[in-house]
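> need coordinates for the below:
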Amino acid sequence: MHPSPASGRAEDYARFILAAAVAKESRRREKLGALALQLGEQFRQKLRAALVPFEIVKEVRGMGMLSGVEFQASDAAWWKAKEGTE
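Residues are numbered from 1 along each chain as shown. A predicted model of the protein is given here:
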């Protein structure tokens, strides 16, 4: 028994729908990656600016939404800022 032509077209249509859904999800994930890079860098810029007065902070770095702060030894107490803000 051979499959009817109608079922062949339905299978092709289903494959097309599945491929379109996969492509849409792929584009959505690519946009999320670009957005994570952009938002992460904006966050690190603001964090760097906020931590400038503290000499214990050596560097702020990261990629995407993953960020880190590197600390260094300091003569001043860790809670005091260079500018005398306490």
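> find the nearest non-adjacent residue to the residue nearest to the spatial centre of the chain, please.
Among the residues of the chain, Ala36 comes closest to the average C-alpha position under CA atoms, centre = their mean, at 2.6 Å. Spatial nearest neighbour of Ala36, chain neighbours left out: Gly64 (4.3 Å); criterion: CB to CB, 6 or more residues apart in numbering. No exception for glycine: its C-beta is placed from N, CA and C like everyone else's.
> okay, now the one you found: neighbour count?
15 (other CB atoms under 10 Å).
> double-check it against Leu32; I have them as touching.
No: using CB atoms under 8 Å, Gly64 makes no contact with Leu32, being 9.9 Å away.
> coming back round to it: please report how far the residue nearest to the centre of the chain lies from Arg29.
Distance, Ala36 to Arg29, using CB to CB, to the nearest Å: 10 Å.
> touching stretch 57-73 from outside, list them.
33, 36-37, 39-40, 43-44, 47-48, 51, 55-56 (CB atoms under 8 Å, 6 or more residues apart in numbering).
> that one - what's its average pLDDT?
Regarding stretch 57-73, the rounded mean pLDDT is 94.
> buried ones in that stretch, by neighbour count?
Of all the residues in stretch 57-73, those buried under the rule 16 or more other CB atoms under 10 Å are 57, 60, 69.
> that's a strand at the last one, yeah?
Which is Val69. Yes: counting by DSSP: H, G, I helix; E, B strand; the rest coil, Val69 is located in a strand.
> where does the protein have low pLDDT?
With pLDDT under 70 as the threshold, the chain has low-confidence stretches at 1-8, 76-86.
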